[in-house]
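Asker: model this:
(2 chains)
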Amino acid sequence: MDLLLPQFGLIFWTTIVFLLVLFLLSKYAWKPIINAVRERENSIDEALRTAEKVKEEMAALSADNEKLLQKAREERSKILKAAKENADKIVADAIEKASDAARKLAADAKQDIDNQKQAAIAELKIQSGKLALNIASKLLQKELAGQAEQESYMKKLIEDLDFNQN
Amino acid sequence: MISKRFSILCVLFFFFGFSNLLASEAIQKESTNQEEKGFDFGELLMHHVKDAYEWHFFTLANFDATIYLPIIAYKNGEGFEVFSSRKVSDGNSYHGYEIEEGHLRRQDGSKFFDLSITKVVASIFISAILLLLIFIRVARKYKGNEKKAPHGLQAFMEPLVLFIRDDVAKPILGDKTYFYLPYLLSIFFFIWINNMLGLLPGAANVTGNIAITCTLAIFTMIIVNVSGNKHYWLEIFLPPGIPLWLLPIMWIVEIMGIFTKPFALMVRLFANMISGHMIILSIIGLIFLFGEMSQGLGWGIALFSVAMSTFMLSLDLLVAALQAYIFTILSALFIGLAVQDAQH
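Answerer: Take a look at the predicted model:
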C-alpha cells in the first residue's frame, strides 16, 4: 500500500524539474529543431516545385522548338517549290522566246528569199526583155525598112506585149 | 592466439568467481538481517522498487557502495533543515528526525514537509540534465545547417521528434499541433529517458513510482482542462440528446471523467514500469531462494534466471519506449478531445 501513496517531496521535485525541462527544452531545443525542420521541409518543397516548373518549361520549350522546326521545314519546302516553279517558268519562257525568235528568223529568211526571188525574177525579166529588145531592134533595123511594115509589126508587138503582160 | 583465448578465460573465471562472491555475500546479508525469517523475498522486492534516502549500489564484503543523499525538511516555525541521510541511517536520529519503515518521521510525531533529494529525485535530476545536454546539443547542430541532412546524434533524434509530430500530434491536433508539440515532445522524451535509466542496474525506479506518474498525469489534466473550449465544456454540462432529469447524473459521470482520464495515465505507466522491475527482480531472486535450500539448486536456477531476465530486460527496453509513446499519444488524444471543434 505504501507503494501506491505518492510522496509530497517527489511530486514537488518532479513538478519543478519537469517544468524546468519543459521550459528549457521548448526554448532551446524544440523551437530551433522544429523551425529548422520546417524550414528544410519548405525548401525541399520549393525545390521540388521549382524542378517541376522547370520541367514544364523545358517541355514547353522543346514543343516550341518542334513547332519552329516544323514551320522552318514548311517554309523551306515552300521556298523550294516556288524556286522550282520560277526556274521552270524561266526555262519555259526561254524556250518559247527562243522558238519564237527561231520562227521569226525562219519567217524573215523565207521573206528575204522570196523577195530576192521576186527581185531576181524581175531582174531576169528586165534583162531578158532588154536582151530581146536588143535582138529585136537589131533584127528590125535590118528587116523593117518600109513604113507600112513597121506599123503592122508594131501593132502585132503591142498586141503580144499586152498578152504577155497578163 | 592461444594467449588471447587464455586471457579471455581468465577474465570469465574471475568474473564468475566475483559474481559468486557477490551472490553469497548478498544472501549472507539478507539472512543476517532477517535471522528468524530467512531470506525475505517481499522485503527485497520492495527495497528495490521503492524510493530511498540513500543510493545503495552494492555491498561487497565490508565495502558498502552507498551514496548518502541530502535530506531537506521544512517545518512551520523552524524553517528548513538540511543534513546528510547518513546521520539518520541505521536507526539513528538527528535533530528529532528518524527513518521509520523507509520514511522520514519526527520522533515527536509532528508534521513537516519532506523535500529530501531522495534516490528518485536525484535520478530525475540526472535524467533532466542528460535530456537538456542531448537536445540542446542536437538543436545547436541545426544552426546554419537548416537545409542540410541531419548527422550523428541529430540524425538519431530527428526521426523521433518527427514521429511525435507527424504520427502523434498532427493526426489528432491538426492545426493546433505546434502549440502543444513542445509539451508532447518533452513528456515523451522525459518518460522515455527515465524508463531507460531505470533499467540500469542500481538505478532508481523513477517511472515506476506513483508520485512521478501522478505529477505527469496532473500536467496533462491541467493542460486538457485549461485548453478545453466551449464545445468541450458543453459536452460535459449539456450533453446533446440527454433528457433534462438525467443531467445531474451526467454531471457526476462527466466530472469523474475529467479525473479518470489522467488517473488511467498515471496507473498505466506506474503499473507497467514497476511490474517490469518486479518480474526481473523476482527471476533473479529465485536464484537466492533456491540457493538457500541448496547451493547446487541455486546455480542450476541461475542458468534459467539469467536467460529469463535477459529476455525480460530486452522486453523492458521495448516497454520503456512503448509506455512513453502511449502516455504521449493519450495525452495528445485528451488534449485533442478538449480542443476539437463541434463538427467532429
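
Asker: Get me the contact residues on chain A for chain B.
Answerer: A:2-15, A:17-18, A:20-22, A:24-26, A:28-37, A:39-40, A:43 (CB under 8 Å from any CB of the partner chain). For glycine as for every other residue, the C-beta is placed from the backbone atoms N, C-alpha and C.

Asker: I'd like the next helix or strand past the helix ranked longest in chain A.
Answerer: Ranked by residue count under DSSP state H, the longest helix found in chain A is helix A:31-143. Moving toward the C-terminus from helix A:31-143, the next helix or strand (DSSP states H and E) is helix A:147-165.

Asker: With only the CA atoms kept, save that next one in PDB.
Answerer: The C-alpha coordinates for helix A:147-165 follow below in PDB (Å, rounded to 0.1, in the frame of the first residue of the first chain):
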ATOM      1  CA  GLN A 147       6.700  52.400-193.200                       C
ATOM      2  CA  ALA A 148       3.700  50.100-193.500                       C
ATOM      3  CA  GLU A 149       5.600  47.000-192.500                       C
ATOM      4  CA  GLN A 150       6.900  48.900-189.500                       C
ATOM      5  CA  GLU A 151       3.400  50.000-188.400                       C
ATOM      6  CA  SER A 152       1.900  46.500-188.800                       C
ATOM      7  CA  TYR A 153       4.700  44.900-187.000                       C
ATOM      8  CA  MET A 154       4.400  47.400-184.100                       C
ATOM      9  CA  LYS A 155       0.800  46.700-183.800                       C
ATOM     10  CA  LYS A 156       1.500  43.000-183.600                       C
ATOM     11  CA  LEU A 157       4.200  43.600-181.000                       C
ATOM     12  CA  ILE A 158       1.900  45.700-178.800                       C
ATOM     13  CA  GLU A 159      -0.800  43.000-179.000                       C
ATOM     14  CA  ASP A 160       1.800  40.400-178.000                       C
ATOM     15  CA  LEU A 161       3.100  42.600-175.200                       C
ATOM     16  CA  ASP A 162      -0.400  43.100-173.800                       C
ATOM     17  CA  PHE A 163      -1.000  39.400-173.900                       C
ATOM     18  CA  ASN A 164       2.300  38.700-172.200                       C
ATOM     19  CA  GLN A 165       1.600  41.300-169.600                       C
END
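
Asker: neighbours around residue 42, how many?
Answerer: No chain specified, so I'll use chain A. 12 (other CB atoms under 10 Å in any protein chain shown).

Asker: you looked at the wrong chain, it should be chain B
Answerer: B:Gly42: 8 surrounding residues under other CB under 10 Å.

Asker: How much space separates it from chain A?
Answerer: 11 Å (CB to the nearest CB, to the nearest Å).

Asker: Locate that residue within the secondary structure: which element?
Answerer: Using DSSP H and E, B:Gly42 falls in helix B:41-49.

Asker: In terms of secondary structure, what does that helix contact?
Answerer: If contacts are counted by 3 or more CB pairs under 8 Å, 6 or more residues apart in numbering or on different chains; DSSP states H and E, helix B:41-49 sits against helix B:247-293.

Asker: which residues of chain B score low on pLDDT?
Answerer: Residues of chain B meeting the criterion pLDDT under 70: B:1-39, B:342-344.

Asker: and with 80 instead?
Answerer: Residues of chain B meeting the criterion pLDDT under 80: B:1-41, B:44, B:61, B:144-148, B:341-344.

Asker: Tell me, domain by domain, which residues of it belong where.
Answerer: By the assignment in automatic domain parsing, chain B contains the domains B:2-118, B:120-339.

Asker: highest average neighbour count across those?
Answerer: Comparing these by mean neighbour count (mean count of other CB atoms under 10 Å in any protein chain shown), domain B:120-339 comes out on top with a mean of 18.

Asker: Skip the chain neighbours and tell me the closest residue to A:Leu25.
Answerer: B:Ser186 (5.2 Å; CB to CB, 6 or more residues apart in numbering or on different chains).
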